[in-house]
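>>> Pasting a predicted model and its sequence here:
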Amino acid sequence: MNEDLYWTFIDIANGLLSGVMLGGYYAIIAIGLALTFGVMRLVNLAHGDMLVLAAYLAVLVLQFVPISPFITLALVIPVMFGVGYALQRFLLNAISVQSMERKGMSAGFGLMSPILVTFGLSIVIAHALLGGFASDARIIRNALSYSAVRLTEDLNLSTLRLIFFVIAVAILVALHLFLRRTHAGRAIRASADDAEIAPLMGIATPKINALASGIAIAIAGVAGVMVGMSRTFQPFDGPVFLLVAFGVVIVGGLGSIVGSLVGGVLLGITQVLAGTYFGPSAQLVAGYILILFVLAVRPQGLFARRR
Amino acid sequence: MSISAPDQPALLTVRGLSAYYGESRALYGVGFTVEKGTIHSIVGANGAGKSTLLRAIVGMMNRGRAAHTAGSIEFRGRRIDALPTEEIVGLGVTMVPEGRRLFASMSVEENLVCGAFLPRCRAALGETLETVYSLFPRLADRRQQPVSQMSGGEQQMVAIGRALMSSPELILLDELSLGLAPIVVDQIYERIAAINRRGVTCIVIEQDTERAMRVATAVSVLLEGRVVLEGDPDELGRERVSAAYFGLETAGKAAGPGG
Amino acid sequence: MLGGFLDRWLTGWRAKALVGIGLVVLILLPPVLGANSYVTQLLLTLFVFAVFGHAWNLLAGYCGLLSFGNQVYVGIAGFTMGILVYYGGVHVWVALPIAGLVSAAFAYLLAIPVRASLIGPAVLKPVAIGVAVWIGYEILVFYDPWWDVFGDPYVRRVMILLIIFLGAMPLLTLEGAYFAVATWLIAAAVGTVFNEWKLVGAGGGMRIPSSVTLEEMYYVGLILLVFATWIIRALLNSRIGLALTAVRDDPEAAGTVGVDVAKVKLLAFVLSGGLTGLAASLYFIEAVSLTPPSAFTVFWSAYFVFVVVAGGMGSLSGPIVGALIFVVIDRLLSGWLDQPLLILGLASVAVILVLPRGVIGAVDVLRRSRDARSAWRDLFEATALADLIGRLGRRRRGRNGNTVVAAYLVPGTPLPLLRPEAPGWKALFEGCEAAARSLEKARPDVLLVYSTQWVAVLDQLWQTRPRVRGIHVDENWHAFGDLAYDFDIDAELAQACIDQSDDVGVRSKPVNYDRFPIDTGTIVAANLLNPESRWPLAVASNNLYHDGALTGRLAALAVQCAADQNKRVALIGVGGLSGAVHRREIDPAEDSFAGDADDHWNRRLLDALIAGDAAQLRALLPDYAENARGDMGMKHLEWLLGGMGAQWCGAYVHAYGPVWGSGAAVVELALDERLARRGRARGIPVEAKRRLTVSADAPDVPATASAGRAAPAPKPAAPAHTAVATAPRRASVAAAPAAAAGNGVLYRNFRTQAEIDAQYDVEASVENFGIYVEFFLSNSERVRRKLKPELDIAYGPTAAEHLDLYPARAPDAPLHLFIHGGYWHSLSSKEFSFVAEGLAEAGVAVAVLNYDLCPNVTMTEIVRQNRAAVKWLYGNARRLNCDPDRISVSGHSAGGHLTAMLMATDWAGAWGLPRDVVKSGCAISGLFDLAPFEHSWLQPKLKLDAGEIERNSPIRHIPAAAGPLIVTLGGGESAEFHRQSQDFLAAWTRAGLKGAYLDLPGLNHFTVLEGYMDRRSPLSSAILRQIEETRGG
């Protein structure tokens, strides 16, 4: 094999590999949103800011207790679960389509109000963080950030990204089993399928929605810490992550948790390839164009069941 | 108004129940009682308010300005008209909704297991599952099949089975025969009779008066949101029931003491 | 379309006036405030953000398209301005519209393939063309780099590919969250590309140099806002506008109706883009510098969302109000806190939670609520918090224990229901509506009704027919129309009452017949309190052999039966108050109590109810029933009292007034202290004219003593309570001056002061003088409120010389002077304001005179003051908008005397006025010979002497010429009064002067004045005729 052909092959292989790894990272970011957007049809525009919040939480913990970032998850996950549960139970349930209808508002407004409230919420969180942590970029120090795994002398993988990918797959499997095997999981799926009939099974939909939201935001917490370890973040980065999450969910397909991983990988690969051939900033634009393309062709996403 | 046994109160007593969807009114002061162990069928034309009545009983009409009710509903002497649906189901009342409304993303067994979400039902989950499969053998060999790929009759069986999973004392059945072939409907009603024999009280909503009269121990005829005729099917006879069904006869309460 | 209060209010002339004024103010503001004032700056920001709001509202509020990407137009317009001004040297005011058009073009680009799917044929053709153009451009740049506007091959390729892709993408086929995210992505993509584009200074951005002043920008902003508001309003009112709302409410349905949904969305989308572009251009002219990150940031959408949602989505005036709120928060508040956007975020979350309909919607909710209290509750219910608290509340809210949740006394007469618009009965109808509203709040399960008009004789009857409906014609009031009814009966409760009525020793029977005649009272109560038959009724009959106590026990039994059936009960007692009725035809507007003292007794009953004092009420009822002939012995009230039992603690009188002479009231019995307190504060609301006319035909009404008190008159038992203490008046004149005439005769054939006093002491001549005083005062106060006169206009130097002028509507109105009585020593103009009502209604201005009284001044001085008043009136008539040549006079009692004195005045000689300045006069119950008063109880005050009597007795000064005179008095007044009038009239006509006697039968010295309150009364019409006849002057 001649030299340049080999190197283009290596470039492509590296591109694919890092694209896949980036996909895992994107998947974690998106899974939480897939649960709330896919399962509960509720758009949470503050999802990105939840990630940033978790990252700052981890930074806060690390300031006092010098432990490995992964250990901080033990605190971040319950706290974020609480935030997610309370957000749904006391704020978003109050403006759901049903409660808007109770007050004689049109269903149209019921669909819009969560979007508007979470939009306001994202601004509130971003500025609260700005107030609390000032705007300088932060990163969660950890030993692994620069190590890499060498598959062959030319093909290598960032260790961190590999770990994220494994965690992503683990979370996906756990979530899948939870939704399939447990009563609570089935209840969440039931109220997603038919929110009006679920109560006939004895399911209190407001509580179940709150549970689902708690889980989603807890997963977002995990993603937040992962993000915090792999790149610098600032209070206003929420929307960046949100666009990624939305992209993955749309590409991956609504409600299909597994779809999130595939969507993430696809998006990852597209961005990496565009980056190598069209320059760094093309990476972002390519991602946007892919999402818009999928939106235009198959709004419900590639893997979703019929909507 | 059937004469209730003097000592223990009727299983379900509805008094002066009015129901509204926003401003428009669906029910006008409906009242009737259902005795334990009986099959009470409610007959009426389309839009007479039958489904609204069932939805009100299971608390699906407490939706603020969108839909609300007035009047009282008592289950075993306790007022349930203000409770949310899940608490009413907890007390032992459930409903097979119009159009079956199964959980599309789940299989037959998952739908059935969903029916036993209540803590008190989880302990005996295996046992109730077996009784349902014994009632509906056809479902036994299709446990893992997604419900979206089943025939109308089979879906109806899953819907009834799912309701039975919460081991209710009173089960409300809304338009069982909708969209099903007559022979299938016969099978289903035969199953209903079997369920009733196990001690489950039933309220059946039916447009087909003929079938309703045959299976029920008491019948109420609903016309434009009002109970216009009530009593024992045999006593009333088919002509009076269908006359009331079409609003021809404005006789007072048949069983009540004449003026 | 969400409620838009200003939209609806801004209709018709009000809208044009308000907008006109607003514009004028806004236009004049800057020069007034001076250059560069901070307020102008704020207003400019308000205009800009209002236009932004309009653009976003057009999509979200009217089309249901929630866009989070309008910032793409902000960036595009901003940089177009930059390129045009910085490179092209174009003036900003020329560049601005161009930038707007470029934004609109970009919006059109985004929206073109409205229907086709991305891979469909309709899209591939233009894409192919686009690619061909791109390749051509690449070749051109390859040959001549000057053409490369982008300055960087990478940016060029990405930009063109992006444009082609966005052009191909069917954005408008997306809905809801997808549309929102898609627009956001587009803005982010374009922003990223601009960030690399060197021409526009890449990340560093560029400047828009301009020398325009703040005022210029202010006016351009104002023009933009007016243009945006006008174009959206025009759009909405057009056929397209209706299509817009159809699209928003139900896109599928709209499609089926032939509305070209796609075209409508396209139009709205392009207009939204254009408007955003225009506003952004103006913003950047003021801001001067812009960078891609700041221009394309998603925070712009945050601003737009906040402005529209806070103001009121879907309403035309919402964005403007929202912009105002935004400016306040963003510019003013943020001065203190350093985080403007944090506040904005919190505010937008709060707005959705608290005011989902925005400020405009909230105002609309308030406007539509019936009264203040329920308004705030409706508003609260519209918020999401209510949901939260409601859920918590539901846990605790069992039933509050007692069965009776409300109780009402309502009139049984059908007239308020059949003639709600008649002035007299309108208040009662509205009272019933208020009662119906409070009944709705009490949420009863059943209404327990007892009507005095369902009469039964043998057994107690209970309605058990499940549903009663039909048409009823009342036997008395058939002329007023028929009564339709359709309500449900709680047969179960009725049956229970029948089964258990023997507990109270009553035999009850059910009534269950088709077409059974339902009594008027029950029908009226059902129609007024339960119009949509929201609750079933249980109706009991009024058995004539049952007394009040038994009726009360029956009610208690019924309540107990309801309690057994777990039902919440509202007690309804149907019947009137005082029973006397007018026998003759009356005008509903003039309705009044038939019985003389009915009003008085009704008030005592209502006061007892308001006080909530059972003992006082029990003691009063027998007297009341007998005196005011209470409806059926007030058994319907006993029904309520029996049913409520100890719960009763007061009453709230919604309305009270006469209905064809009989007393009627809408009373809500208070079951809790809160309502009782409100009832006590409210008291008895009465606006209707309260009359004291002794109607001739009321059989047993006390006929006034016709000839002196001695004549025995069938009088009712004197009311023990008469509050008015009659002052000890008749201290006999200490040293009665020696009788003027010989043989011990004081005056004519009267020998003693007592005989004279008996004839002239009017206060003693009527049974209950207090009523009349109270009548004068309350009606005077009402008329003053009604006619809003100019009070205490001085016509002379001293304190007492003033008059009250009741203006007439028309200019140059005739002027009528009224002189009050009071035996020259008491009362004032203020007790007689009511005399102006009738004449003022007939277009006559009325001056009610006030003059100084004996013993402060002599009788002569009083006469002088009256004459001075005429002189003043003549001089100032024009100023008072009256015709000086049409002055007429009337007076009562002492005022009658003074009227005669004015008629007998030599105006040309001493006063320099036209001889006939007083065109006509009317002396009521006048006193024309003062001689007898020297020997009366009045002497100590009047201090009359022969000279005073001679100078001031009109009978002794019949003028040579004078205008027409009417002499009148109440038929029931004393003989001496009749004599004085007849003697004077005889003397008057003997002298060849025009004079007439007006007979007012059946009226006493006080009720004679009532005629003044009604323009069509005999008294008023006589005066008005006189004024008309003397018009020629």
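Nice, I can see it. Numbers count the residues shown, from 1 in each chain, chains lettered A, B, ... in the order given.
>>> How many neighbouring residues does the one residue in the stretch 801-950 of chain C that gets nearest to chain B have?
Closest to chain B within the stretch 801-950 of chain C is residue C:841: 43.5 Å, counting by C-beta to the nearest C-beta. From N, CA and C alone the C-beta is placed, and that goes for glycine too. Neighbourhood size, residue C:841 [other C-beta atoms under 10 Å in any protein chain shown]: 17.
>>> Hmm, it is touching residue C:1015, no?
Yes: using C-beta atoms under 8 Å, residue C:841 makes contact with residue C:1015 at a distance of 4.7 Å.
>>> now the strands for the stretch 901-1033 of chain C?
Along the stretch 901-1033 of chain C, counting by DSSP state E, counting those that start in this stretch, strands occupy C:918-924, C:965-970, C:995-1000.
>>> what's the pLDDT at the residue nearest to residue C:169 when sequence neighbours are not counted?
Spatial nearest neighbour of residue C:169, excluding adjacent residues (C-beta to C-beta, 6 or more residues apart in numbering or on different chains): residue A:296 at 4.9 Å. Model confidence at residue A:296, given as pLDDT, is 74.
>>> Residue B:179 too?
Here, the pLDDT recorded for residue B:179 equals 77.
>>> Give me the distance between the nearest residue in space to it that is not next to it in sequence and chain C.
Spatial nearest neighbour of residue B:179, excluding adjacent residues (C-beta to C-beta, 6+ apart): residue B:152 at 5.5 Å. In this structure, residue B:152 and chain C are 26 Å apart, going by C-beta to the nearest C-beta, to the nearest Å.
>>> doesn't residue B:185 make contact with residue B:152?
No: using C-beta under 8 Å, residue B:152 makes no contact with residue B:185, being 10.2 Å away.
>>> Give the residue from those two that has the larger number of neighbours.
It is residue B:185, of residue B:152 and residue B:185, that has more neighbours when counted by other C-beta under 10 Å, with 19 against 13.
>>> what are the ranges of the strands in the chain?
In the absence of a named chain, chain A is used. A:148-150, A:156-158 (DSSP state E).
>>> was after chain B, sorry
Taking DSSP E as the criterion, chain B carries its strands at B:12-21, B:24-34, B:39-44, B:67-75, B:78-79, B:93-96, B:170-174, B:201-206, B:218-223, B:226-231.
>>> Among those, which comes closest to residue C:454?
Evaluated over the strands of chain B, closeness to residue C:454 peaks at strand B:24-34, with 21.4 Å, by C-beta to C-beta.
>>> which residues touch the closest one?
Residues from elsewhere that reach strand B:24-34, judged by C-beta atoms under 8 Å, 6 or more residues apart in numbering or on different chains: B:1-2, B:4, B:10-20, B:40, B:49, B:52-53, B:56, B:69, B:71, B:170, B:201, B:203, B:218, B:220, B:222, B:224-227, B:230, C:488, C:490, C:492, C:532-533, C:535-536.
>>> Show me just the buried residues among those residues.
By neighbour count, with 16 or more other C-beta atoms under 10 Å in any protein chain shown, these hold B:1-2, B:10-20, B:40, B:49, B:52-53, B:56, B:69, B:71, B:170, B:201, B:203, B:218, B:220, B:222, B:225-227, B:230, C:488, C:490, C:492, C:533, C:535-536 as buried.
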